[in-house]
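In: quick check, what structure comes out for this input:
(4 chains)
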Protein chains: 4
Amino acid sequence: MSRIDWSHFASPFSWRYGSEAMRRIWSEEHKRCLWRRIWVSLAEVQSQVGLVSQEQVEELRAHQSDVDLERSAAIEAEIHHDLMAEIKTYAEQCPGASGVIHLGATSMDIEDNADLLRLRASLGLIRDVLVDLLELLAGHIEAEAETLVMGYTHIQPAQPTTLGYRLCQYAQDALIDLQELDHLRDTIRGKGFKGAVGTSASYQRLLAGTGLLPREMEAQVMERLGLPAVPVSTQTYPRKYDYLTLNVLAGIAQTLHKFALDLRILQSPAWGELREPFGKQQVGSSAMPFKRNPIIAEGLCSLARYVAALPGVAWGNAALSVLERTLDDSANRRAMLPEAFLATDEILHRARRILADMQINRAAMARNLAAYAPFAATEMLLMELIARGADRQEMHEVIREHSMTAWRAVESSADNPLMDLLASDPRVEHYLTPARTRQIMEGGISVGDAPDRCREFLSTLRLTLRSTRTGDQDK
Amino acid sequence: MSRIDWSHFASPFSWRYGSEAMRRIWSEEHKRCLWRRIWVSLAEVQSQVGLVSQEQVEELRAHQSDVDLERSAAIEAEIHHDLMAEIKTYAEQCPGASGVIHLGATSMDIEDNADLLRLRASLGLIRDVLVDLLELLAGHIEAEAETLVMGYTHIQPAQPTTLGYRLCQYAQDALIDLQELDHLRDTIRGKGFKGAVGTSASYQRLLAGTGLLPREMEAQVMERLGLPAVPVSTQTYPRKYDYLTLNVLAGIAQTLHKFALDLRILQSPAWGELREPFGKQQVGSSAMPFKRNPIIAEGLCSLARYVAALPGVAWGNAALSVLERTLDDSANRRAMLPEAFLATDEILHRARRILADMQINRAAMARNLAAYAPFAATEMLLMELIARGADRQEMHEVIREHSMTAWRAVESSADNPLMDLLASDPRVEHYLTPARTRQIMEGGISVGDAPDRCREFLSTLRLTLRSTRTGDQDK
Amino acid sequence: MSRIDWSHFASPFSWRYGSEAMRRIWSEEHKRCLWRRIWVSLAEVQSQVGLVSQEQVEELRAHQSDVDLERSAAIEAEIHHDLMAEIKTYAEQCPGASGVIHLGATSMDIEDNADLLRLRASLGLIRDVLVDLLELLAGHIEAEAETLVMGYTHIQPAQPTTLGYRLCQYAQDALIDLQELDHLRDTIRGKGFKGAVGTSASYQRLLAGTGLLPREMEAQVMERLGLPAVPVSTQTYPRKYDYLTLNVLAGIAQTLHKFALDLRILQSPAWGELREPFGKQQVGSSAMPFKRNPIIAEGLCSLARYVAALPGVAWGNAALSVLERTLDDSANRRAMLPEAFLATDEILHRARRILADMQINRAAMARNLAAYAPFAATEMLLMELIARGADRQEMHEVIREHSMTAWRAVESSADNPLMDLLASDPRVEHYLTPARTRQIMEGGISVGDAPDRCREFLSTLRLTLRSTRTGDQDK
Amino acid sequence: MSRIDWSHFASPFSWRYGSEAMRRIWSEEHKRCLWRRIWVSLAEVQSQVGLVSQEQVEELRAHQSDVDLERSAAIEAEIHHDLMAEIKTYAEQCPGASGVIHLGATSMDIEDNADLLRLRASLGLIRDVLVDLLELLAGHIEAEAETLVMGYTHIQPAQPTTLGYRLCQYAQDALIDLQELDHLRDTIRGKGFKGAVGTSASYQRLLAGTGLLPREMEAQVMERLGLPAVPVSTQTYPRKYDYLTLNVLAGIAQTLHKFALDLRILQSPAWGELREPFGKQQVGSSAMPFKRNPIIAEGLCSLARYVAALPGVAWGNAALSVLERTLDDSANRRAMLPEAFLATDEILHRARRILADMQINRAAMARNLAAYAPFAATEMLLMELIARGADRQEMHEVIREHSMTAWRAVESSADNPLMDLLASDPRVEHYLTPARTRQIMEGGISVGDAPDRCREFLSTLRLTLRSTRTGDQDK
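Out: Numbering: from 1, shown residues only, chains lettered A, B, ... in the order given. I've put the predicted structure just below:
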């Protein structure tokens, strides 16, 4: 971490949260590489109508990667304009082409297209981890489609379900997130090359007599950049795109917040059913060596809460911009965009780390099920007793009585005696043998069609993943 | 307004904001009509396997619309459960079918499907106004594609554009909103019939031996409701759907907030270019009868700010729900969902009202253009002078000097003398005749390809509207 | 509930959430009563300098409460201005004083002072319940200062604490809320009477020659209203006051959200330590009669989430208002202010209801303590062993080994055998007799000075409540 | 800027926004200095009862500032715990005292007190700039108390006011912010030394037999730190403090957002009344050298919007923490706290920069006043005419007619002819000579008691600033 200056504030997103790859995308260096790539593409197209010579294009290409931030900073200190400083730095490196860099362009023609390229690359990274996550979930769903666990509503035992089916819910949410992300990638477009107020007036003047229309020039440069352009624009691309992007990231954060919150509760020894991975060398507190604090999941929730606050900023940028553009978006976008991506990136990596090595405590699941499921099973018994002619009111009271007794036993950590109590009650025996009562109640611990739904969902999920994996290559 | 009780708080969304149609969708009465419709559909399908008789189905159908809120409220006062109270009320009306209402169902099987039906109907209303709005915008864009206006960045004059092109930006944002709305309608699905924890256990028991699987029953009922079901669920449909819905509404609010904010500034006499409609009988203040406060637009912005706060609530509902469901969503959804729809509805109606009768002050546009556009035109002149061999530095200084003089004139409300000053400056005359200088500068007041882009965008817009109008019939 | 129109949207805050008293404060009727009260006070002061006659004042006073919403609505339908319609209605009732109502005033002189009166009255209601709540908490803290319970960090057992001490945390937060509320009441002020742009120009003209200055008139009217005026203003009182108010409400919601979330977890049978009250007649589900869903607490959390979203709206109203006033605050304030108060009111009433009859399960507390506290006690044993010359590393390993065994036992619901295992381990016996080991470990289950801190905090709390109760009478 | 690693994401708050002093407070280095300061204070107090020797205290003091982040990072890489790594690093530097660092303490006893010290120091920095700002405002208010400007409501001309009076509104809001900040500093307290769950159990054991109670030890250490402790706590100080802090920062951001938004509009040439400072060397665009983009103010608004989003994160941290502490606050606090302070710091510095050299265009003010104020003056004329027996309806119509004519003139940039038109209208001349009409109307351009209110407010403001400046020395 020697690269960090610890004597001043260093954002946790500069070193602690998020992946190396994401941090590089949002570096000053990479941004300037993209600017230069755009200038080269612009020059290439302009060279076809003679505005730029082939030699100039080659000179620009030769220095495309020679970002020199020291020099650029020195110039910026004088002229207070980062993009202009970069042009001058580039121009110094390419004396022959110095007059043709940025020809006809407005700063935002370069910056906004570069931002869109960064957004798309970042979405690509996010997508990859999201797909990994879905594949890990798919594996667990397959393995646990029939694993009985107690289901909870109101954080109170309700009816049994399966672990696989519970995991399906997260996967379903994450799959919606993936579809939203893909829909977003189909929606967002670069600004293109439209100048100061979006009318392409400067390009029209520049290209006058060349036979090339501004829109044709734009289309050709954007094709080189692999980025479609928005049909009309102000000085910038529609800031609504930032809002849509933040919504997708906050949506992912939402899905994984729920997953992590469930895990944090299930990891409590009161439940003890699931645990996030725990390093071999890692020690719990010395006094409580068994203690397992779900710190991966807790940090995930913390960052998710952060991401959730940011779409509001993007909303304001889009809603409050005046006429052809005001600059009240710029400063906050420098923090909001990278931090939202880096936080979501960290959230996804944490969720993947949890799912890759999640510890499943089957004994605890069985214990909880044994304690609470018999109560749910009385519904089936009641139906059977009524079918055999018993009085609903009377039987309901019998069940209520024994349930209260059984509940007190469970509360004091004893085994759940409910099945025995009911099987041996004479009022029940009048209609059913004890063996039959037991049989019915065991049958009553039902997870319905949860395993089947798991398998159906799984096949849809895998189909989607397979097709998007393939489809992705085009993007 | 005699229907409102003015002695207690009455939400402005109950009477002041939003359309009659939207207010009806979110009434208690309509909700219960939907519940009954769902119970009827459920009984119809269950009757096919003999669980419900044909007579019972017919009895239920006969009373489907007989919602009796007075009776229901009386029962609810005793049992504290609104859905159960409705069942009992319905059962009293259908004594023969009283035992088969809600067979195998959990409350949320009814409530959540009804909520999705309300969401979809509300989205349909929103969509209709949004399409109207786009058509009104299309009309203006067509008419004003070539209407020159001054363009502004930083709320400072920049370069000319056209009114039609400016309107394209709002239309482009609104078109994205429309596509988001349609994408949302393709995404959201009802809960279906999956019982207390989503496993369909109760339906499996009920249907045992009938040959009908729970998923088949679900599919058939949902088909009758015209609503696809989510493949897997907890006790509720994924609360992520609410979040996605709120995001779409806040996106619409965002687009129209920008439009209304621009209008509020342009309506200021300092600009005076556009005005929201103003009733014939309406009076400005008596002291300032000409005064036109943009109150339709101001109220629009106010409500947009409100809508923008609500996705955060929906985010929390989805992210903080624990395991198979907690009830921390219910209370806020009773306010958040209807109010978000009613506020967005009002926003759209206000925007439509403005666009339907927007007053365009062409004299003011011309005045502003005459004042500021000549400055922008000096760029063209400079290019021409350099092309003819003039020294860039010197010419730049000439232009700067005269610009400052011209600016002072403009500031004191005089005509912009810049063209005259430059045409008659000997240093310029050295290269260009006064007539040529004027010609170049007039040519320099260029809106680039804005009119062409208007027309291209317009044809895409109209194509999309035409196809969605048609496509809509399937939904 | 016959007063509600169920065929249209009725906000849950109109009938379901919040107290009757709060709903009345935010009614249209009460607002107009306040308007009239302000007009009367204004006339009273103006009568002292002869602008209004004594008879006119008396006529106005006589009809001060005769709000006639039907008539007023009819007039508003024509002139589209609610305050002007109220003036005309009042004038019809007071023909002799019709010319002197609202003399020199701007609408916002009336509306904004009335709004501040509503805010203050609402804060008074909120304060009363908050104080009740603190007194209920004080009672519990006193009773439970020494009641041992397991403490949890990371939702994992940590070290013992006392129930009273845990409750101190909520009380401390609520006490901060109370102090914030009182600070707010000292901060906010009415607009006073300053006219259209805050300069009192119209009053200056009106009072010219009377010897009464506008500021003196303002001070006298405000004194009659029991409301100090802000020294300077635009057309409205500073919208920052709304923001501060919403922050206080959201702060209360925050405190009680944490309380309710803790309760929802502690009420889960896995813990089972606390329960919200449950009506005698209330039934859990028929299948699980023992089941206790914490629905009061869940609804509380739901509404708290809603309240938390609203300060953002108030922030925007204050930050985005332009120059002497724009109307982008008005529409959302009609919903935001009453709903924030009604929701907070409901939250407080729910918390009070819970605390008034909270069920404490001492057996469950003992069970959880027996299961987890011995682990925490090993810290004390280790210190003692080292003090007696044992090797830290070796003893740590001994403790770790037995802890893991004990943990497995606890997980399978057996009693915690840790004390026995350690007391009888020869490596421990080398330093300590089994009896001494037991004694140390029992001593190790320590709650430190929690009981003392409870008592100290309690005395501060009670002192504060006593003094504020008294102080309150002045407000 | 060589200290920044440009190849990875560097937060704009690490280099671009905020002051050097604020960036140092939030550095890793400073945090560790604070940790060491707390360890030293703890050892000093513990040495008084013999738990730590005088030599050990001196050794610790000697190395208090020797933070060695390289070594510490190496250790952290092994043990994954930053505070423990710092203890080990410190211990290596102080071999004699290695066993007595952090005696009895929990990590959060150190970290949370250090965080409170950082919060308070940051609030101190913020306060200083806020006071500077208020003094700059005071200077302008004094100078411009009588400077007439047109006042605007709905962004439409309304009635005249004075520049000083307009500035009073910002000052009044900022003064409330200052009072909120001071109230906050009186409210927030450190965690103190209360161990893992707030019960001080570990200190009680440690201090057993020394005669020093944990609360006494706590009080003595906290006194050395100059920080009072909260009476009761969980593992952390109440997270409500973070929420209150963020609210104060967002409140400052709100005040200055309104100021900057007003400025951005007034700086538009359409108004042209005020301008933010503009560097001598700075060039507007070459084509429009007179153009002045209000970029300081625009960036201010951008950051204010960012700050406004963060209280929601702090709300969640406080409301969602479970029982004695969950770790879902930690990760987001690492970004939220420093970034909120750095952004607010930047906002304040920008506002100070603007106010220190704000350009006031008196000609533009006069021009706008001449154009719009006569309309406002007709109110006075009407009153006079009626007083002289004219018919209100007729005179109103006369004024309306001429106002419309005058308005059209103003719209086409001509002088406002209203006074002439009215003075020479025979229907007016019937009651008033032209000279008298003119006199009345000129008198009608009234700013009421705005200048007096300016002066009164100013004296309150200065009194407050003087007293807080003094009071501040105690903090």
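In: for the residue nearest to A:Ser41 when sequence neighbours are not counted, give me its contacts.
Out: For A:Ser41, ignoring the flanking residues on the chain, the nearest one in space by C-beta to C-beta, 6 or more residues apart in numbering or on different chains is A:Arg224 at 4.2 Å. C-beta here means a position set from N, CA and C on the backbone, and glycine is covered the same way. For A:Arg224, the contacting residues are A:Ser41, A:Glu44, A:Val45, taking C-beta atoms under 8 Å, 6 or more residues apart in numbering or on different chains as the criterion.
In: residues near the last one, how many?
Out: Spelled out, that is A:Val45. The number of residues packed around A:Val45, counting by other C-beta atoms under 10 Å in any protein chain shown, is 23.
In: show me where the stretch 51-200 of chain A has helices.
Out: Chain-ordered helices for the stretch 51-200 of chain A, with DSSP state H, counting those that start in this stretch as the definition, fall at A:54-62, A:69-79, A:82-93, A:107-144, A:163-187.
In: with mean pLDDT, mean neighbour count and distance to C:Arg462 added, can I get those helices in CSV?
Out: Supplementary listing: these in CSV, determined by pLDDT from 0 to 100; neighbours: other C-beta atoms under 10 Å in any protein chain shown; distance: least, C-beta to C-beta, whole Å:
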stretch, mean pLDDT, mean neighbour count, distance to C:Arg462
helix A:54-62, 98, 17, 78
helix A:69-79, 91, 15, 62
helix A:82-93, 95, 20, 61
helix A:107-144, 98, 20, 53
helix A:163-187, 98, 22, 48
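In: those into a markdown table, with extra columns for distance to A:Val322?
Out: As requested, the helices of the stretch 51-200 of chain A are arranged in a markdown table below (distance: least, C-beta to C-beta, whole Å):
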| stretch | distance to A:Val322 |
| --- | --- |
| helix A:54-62 | 36 |
| helix A:69-79 | 26 |
| helix A:82-93 | 22 |
| helix A:107-144 | 16 |
| helix A:163-187 | 24 |
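In: give me the neighbour count for A:Ala377.
Out: As a measure of burial, A:Ala377 has 22 neighbours, counting by other C-beta under 10 Å.
In: tell me if stretch A:410-418 is near chain C.
Out: Yes - in terms of C-beta under 8 Å from any C-beta of the partner chain, part of stretch A:410-418 sits within range of chain C, namely A:Val410, A:Glu411, A:Ser412, A:Ser413.
In: tell me, how many residues neighbour the third one?
Out: Okay, so that is A:Ser412. 11.
In: again, but for A:Gly209
Out: A:Gly209 is flanked by 7 other residues according to other C-beta under 10 Å.
In: please apply the same query to A:Glu216.
Out: Counted with other C-beta under 10 Å, the neighbours of A:Glu216 add up to 14.
In: need the contact list for the single nearest residue of chain A relative to chain D.
Out: Distances from chain A to chain D, computed as C-beta to the nearest C-beta, single out A:Ser11 as the nearest residue at 3.3 Å. Residues near A:Ser11 by C-beta under 8 Å, 6+ apart: A:Glu339, D:Phe9, D:Ala10, D:Ser11, D:Phe13, D:Ser14, D:Ala335, D:Pro338, D:Glu339.
In: D:Phe9 versus that one, what's the distance?
Out: Taken as C-beta to C-beta, to the nearest Å, the spacing of A:Ser11 relative to D:Phe9 amounts to 8 Å.
In: likewise for A:Glu92?
Out: According to C-beta to C-beta, A:Glu92 stands 27 Å off from D:Phe9.
In: pick out the residue nearest the middle of chain A.
Out: Against the mean C-alpha coordinate of chain A, by C-alpha atoms, centre = their mean, the closest residue is A:Ile252 at 3.2 Å.
In: my guess is that residue contacts A:Ile347. True?
Out: Yes - counting by C-beta atoms under 8 Å, A:Ile252 sits close enough to A:Ile347 to count as a contact (7.0 Å).
In: pop the domain breakdown of chain A in here.
Out: Domain assignment for chain A, taken from automatic domain parsing, gives A:18-100, A:107-360, A:364-444.
In: out of those, which is closest to D:Asp177?
Out: Ranking the domains of chain A by their distance to D:Asp177 (criterion: C-beta to C-beta) puts domain A:107-360 first, at 20.5 Å.
In: how long is that closest one from one end to the other?
Out: Distance between the boundary residues of domain A:107-360 (C-alpha to C-alpha, to the nearest Å) amounts to 55 Å.
In: fine by me, we can end here.
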